[in-house]
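In: with the input below, show me the fold.
(2 chains)
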2 protein chains.
Amino acid sequence: MSMKLYELAGADSNRRFSPYCWRVKYAIAHKGITPETDFIRFTEKSAIAHSGSPTVPVIDDGDTSVSDSFEIAKYLDEAYPDAPKLMGSDVAIGQARLIESWANTQIMAVIFRMIILDIFEGLDEGDKEYFRETREKRVGSKLEEFQKYDDEQIQTLFNNLTPVRMMLKTQPFLSGDTPGYADYILMGCFMFARASSTKKFLKDDDSVNEWYENMLDMYDGLGRKVKVS
Amino acid sequence: MSMKLYELAGADSNRRFSPYCWRVKYAIAHKGITPETDFIRFTEKSAIAHSGSPTVPVIDDGDTSVSDSFEIAKYLDEAYPDAPKLMGSDVAIGQARLIESWANTQIMAVIFRMIILDIFEGLDEGDKEYFRETREKRVGSKLEEFQKYDDEQIQTLFNNLTPVRMMLKTQPFLSGDTPGYADYILMGCFMFARASSTKKFLKDDDSVNEWYENMLDMYDGLGRKVKVS
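Out: Coordinates of the predicted model:
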């Protein structure tokens, strides 16, 4: 039975920039599955109407539709228990929730300010007004004023990645000796930048950059194939 | 066979302020064990000479000595597999390393600046010179200048606890539905403050404070018994 993953896309339908979808994309690859993919836009969601979810990621696995990146990760461990574990225990699921909250608030939020205009400019024309309106309301200012891409913002990201840098002294992945869902949580944040923008967000000599390069190579270069020009 | 835990103490030998020792203290309680305890001072470590480790925590479990808080947590899961798990899987151990790095750099370091003089003042006279010299070298300034306890520092701690606050919307503990080693990692940081100082470090209306109060109650009020006056 084939699996289908629904993602968010920009004007160019290859511009798949959702960090949550990337978490799932890596999680599916972790299970050794190559899904068929389809996409929606912010304002054209008919492809996922059947799922009952208003947002992607959504997966169809045979007759089962699952939405929400974290729920999909849990589902994949339950449905494919013989493939390598993403989390694999209640304690690991609990801890991954903390790591998700950390990544969303300390990493993704910092990256978002770096690339908000790049995301906007890559959107389908039909999505631009919706995106500007909802995001300007959320952040409380014009997109143009909210965007911040400078040495200070790169330093903030570097500082907020300190826990990862420290951890990399004792183990190669956020999940230990091999990658797991915690790694894909962080990688989703980085793919959010990579799939939206040509901007550099990590410093070259940062050990986190080595981790990122490793992750890009995984699963036949799943992340590396994405290149915004 | 009885277990013995060696901790760090101040002038008052009941002043057990090491955050790493508190992590282990909670981890041992999690396994349903009540250890005998003994203490060392920074400059008087003969009690742990047999372990080969220059620092506490050290546990003696029968003929086995184990040092380093994280190693002790792993040991307890291996030696007591039938008691509730602290981590319980390679993925959870890996993720806990990230959570440890996060807690040490984003939480413990912020608390340390709040209480460094309280720690100093509570030390045994024989430890004071050693502490001042090593810590002033580490932080690059006089203890008196390094200490920062004000609304801004309390706000920094509040901000750095954002991931925990977000996570608490979906689950009651850092390890999921029940506490585990990730919870004790954070609790160790808070006990570091509680066992050294009367200073308030959390805001009353912070949901993290509710978690802290719950943790204080656990294991017959293990943390609540500590009160600096």
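
In: check the burial of the residue lying closest to A:Met187 once chain neighbours are set aside by counting its neighbours.
Out: Closest residue to A:Met187 apart from its sequence neighbours, by CB to CB, 6 or more residues apart in numbering or on different chains: A:Met215 at 4.9 Å. C-beta here means a position set from N, CA and C on the backbone, and glycine is covered the same way. When neighbours are defined as other CB atoms under 10 Å in any protein chain shown, A:Met215 has 21 of them.

In: same check on A:Ala182?
Out: Neighbours around A:Ala182, by other CB under 10 Å: 28.

In: circling back: do I have it right that the residue nearest to A:Met187 meets A:Ser175?
Out: No: when contacts are counted by CB atoms under 8 Å, A:Met215 is not listed as touching A:Ser175 (11.7 Å).

In: hey, what's in contact with both of those two?
Out: Taking CB atoms under 8 Å, 6 or more residues apart in numbering or on different chains as the contact rule, A:Met215 and A:Ser175 both touch A:Asp183.

In: and the helix or strand where the residue nearest to A:Met187 lies, what's buried?
Out: Taking DSSP states H and E as the criterion, A:Met215 maps to helix A:207-221. Using 16 or more other CB atoms under 10 Å in any protein chain shown as the burial criterion, the residues of helix A:207-221 that qualify are A:208-209, A:211-212, A:215-216, A:218-219.

In: show the pLDDT at the residue lying closest to A:Ser65 once chain neighbours are set aside.
Out: Nearest residue to A:Ser65, sequence neighbours excluded (CB to CB, 6+ apart): A:Ser51, at 4.0 Å. At A:Ser51, the pLDDT value in this model is 96.

In: ok, A:Ser51 - contacts?
Out: For A:Ser51, the contacting residues are A:6, A:58, A:60, A:65, A:67, by CB under 8 Å, 6+ apart.

In: just give the number of residues close to the first one.
Out: So that's A:Tyr6. 26.

In: let me know the pLDDT of it.
Out: 98.

In: then the third one?
Out: Note for A:Asp60: predicted pLDDT of 98.

In: next one: the helix holding A:Met215 to chain centre, how far?
Out: For helix A:207-221, the separation from the chain centroid amounts to 14 Å (computed by CA atoms, centre = their mean, to the nearest Å).

In: tell me what that helix is packed against?
Out: helix A:19-30, helix A:162-167, helix A:181-194 (3 or more CB pairs under 8 Å, 6 or more residues apart in numbering or on different chains; DSSP states H and E).

In: tilt between the first one and helix A:207-221?
Out: Think helix A:19-30. 60 degrees (axes from the mean of the first three to the mean of the last three CA atoms, to 10 degrees).

In: now do the contacts for A:Lys45.
Out: Per CB under 8 Å, 6+ apart, neighbours of A:Lys45: A:Pro54.

In: which phi and psi does it have?
Out: Dihedral angles of A:Lys45 (phi, psi; degrees, to the nearest 10) stand at phi -120, psi 20.

In: so where do the helices sit in chain A?
Out: A:19-30, A:69-79, A:90-102, A:109-122, A:125-139, A:143-146, A:151-160, A:162-167, A:181-194, A:207-221 (DSSP state H).

In: need these in TSV (columns: mean pLDDT).
Out: Listed next are these as TSV, based on pLDDT from 0 to 100:
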stretch	mean pLDDT
helix A:19-30	98
helix A:69-79	98
helix A:90-102	98
helix A:109-122	98
helix A:125-139	97
helix A:143-146	98
helix A:151-160	98
helix A:162-167	98
helix A:181-194	98
helix A:207-221	98
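
In: so for B:Thr105, which of those sits nearest?
Out: For B:Thr105, the closest of the helices of chain A is helix A:162-167, at 4.9 Å, according to CB to CB.

In: run through the neighbouring helices and strands of that closest one.
Out: helix A:207-221, helix B:90-102.

In: check whether the last one comes near chain A.
Out: Spelled out, that is helix B:90-102. Yes: Helix B:90-102 reaches chain A (CB under 8 Å from any CB of the partner chain) through B:90-102.

In: on that earlier part again, let me have the helices of chain A in CSV, extended by distance to B:Ile111.
Out: Formatted as CSV, the helices of chain A follow (distance: least, CB to CB, whole Å):
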stretch, distance to B:Ile111
helix A:19-30, 31
helix A:69-79, 30
helix A:90-102, 18
helix A:109-122, 23
helix A:125-139, 31
helix A:143-146, 32
helix A:151-160, 18
helix A:162-167, 16
helix A:181-194, 25
helix A:207-221, 25
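
In: show me how chain A divides into domains.
Out: Split into domains by automatic domain parsing, chain A comes to A:3-79, A:90-221.

In: which members of the contacts of A:Ser51 define the maximum pairwise distance?
Out: Most distant of the contacts of A:Ser51, by CB to CB, are A:Asp60 and A:Ser67, 10.3 Å apart.

In: how about the residues of chain A that lie near chain B?
Out: Near chain B, when you scan chain A using CB under 8 Å from any CB, you find A:85-102, A:104-106, A:162-164, A:166-167, A:170-171, A:173-177, A:180, A:182.

In: report the buried members of those.
Out: Buried among those (16+ other CB under 10 Å): A:85-102, A:104-106, A:162-164, A:166-167, A:173-176, A:180, A:182.

In: just to revisit the earlier point, dump the helices and strands packed on helix A:162-167 into JSON lines; add distance to A:Lys31 as well.
Out: Formatted as JSON lines, those follow (distance: least, CB to CB, whole Å):
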{"stretch": "helix A:207-221", "distance to A:Lys31": "11"}
{"stretch": "helix B:90-102", "distance to A:Lys31": "14"}
